[in-house]
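Asks: Here's my sequence, what's the structure:
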Amino acid sequence: MNLPNKLTMLRILLVPVFMLCAAYHWMLAAGIVFAVASFTDFLDGNLARKYHLVTDFGKFADPLADKLLTTTAFVYMMADGVCHPVVIVLILAREFAVSGLRMVAAGAPGGKVIAANMWGKVKTVLQMLTIIFYYFGYAIEQAVSDGAYSVYTTQVISFILCWGVAAITLISGAKYLWDNRSFINTAK
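Replies: Numbering: from 1, shown residues only. Model prediction:
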């Protein structure tokens, strides 16, 4: 297993650590774990391309690791009342549709692995930035609130950002499905 794939596996292993921090509202710790995991996404992709270490496993596991990490974070944000359930459903619907298409392509004669496109990468970056903003913003507001425990500003901005994520998620999913419609048309 090459280094980029090991970084992808590390990202997957950080998901339960993030969950523990988010579940206990250790917001700064959750933000740090999420930021480190997000950095591995940036790092593994760059290393794989720079050193020609792109593998079919990486093309499959990297987006899976991203989905695990980001949807887990959005579920915890929904539990905190910051992310509307409709946003979560839109994110999950897009991810199921894209993953389903990837399975169809892989099972087609000659089996093709479809890598993420630029819109999918933009979607992932926006999701990660929204989540990082929420966890670090919450921790900062909580620390400077002088015991008043007010995180209103972070919650409002995060709520708006979640709807922006939903819009980009829909656009990226539609673009991905459109660009790969040949697999949809041949799957009968």
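Asks: give me phi/psi at the residue nearest the centre of the chain?
Replies: With distances taken as CA atoms, centre = their mean, the residue of the chain nearest its centroid is Thr70 (3.4 Å). Main-chain dihedrals, Thr70, degrees, to the nearest 10: phi -70, psi -40.
Asks: residue contacts, the closest residue to it other than its chain neighbours?
Replies: Nearest residue to Thr70 in three dimensions, chain neighbours excluded: Gln127, at 4.5 Å (CB to CB, 6 or more residues apart in numbering). Using the backbone N, CA and C atoms, a C-beta is placed for each residue, glycine as well. Counting by CB atoms under 8 Å, 6 or more residues apart in numbering, Gln127 touches Thr70, Phe74, Ile91, Val165, Thr169.
Asks: Export the residues you listed as a markdown table, with columns for distance to Asn5 and pLDDT.
Replies: Below are the contacts of Gln127 laid out as a markdown table (distance: CB to CB, whole Å; pLDDT from 0 to 100):
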| residue | distance to Asn5 | pLDDT |
| --- | --- | --- |
| Thr70 | 19 | 95 |
| Phe74 | 25 | 97 |
| Ile91 | 25 | 95 |
| Val165 | 27 | 97 |
| Thr169 | 26 | 95 |
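Asks: Of these, which belong to helices?
Replies: Thr70, Phe74, Ile91, Val165, Thr169 (DSSP state H).
Asks: How confident was the prediction at the closest residue to Met19 other than its chain neighbours?
Replies: Leaving aside its sequence neighbours, Met19 sits nearest to Thr72 (CB to CB, 6+ apart; 6.0 Å). In this model, Thr72 is scored at 97, pLDDT.
Asks: Over to Tyr149?
Replies: Note for Tyr149: predicted pLDDT of 56.
Asks: Same question for Tyr24.
Replies: Predicted confidence (pLDDT) for Tyr24: 97.
Asks: What residues sit buried inside stretch 23-35?
Replies: Within stretch 23-35, the residues scored as buried using 16 or more other CB atoms under 10 Å are Met27, Ala29, Ala30, Gly31, Ile32, Val33, Phe34.
Asks: can you check stretch 169-185 too?
Replies: Buried residues in stretch 169-185 (16+ other CB under 10 Å): Thr169, Ser172, Gly173, Tyr176, Leu177, Asn180, Phe183.
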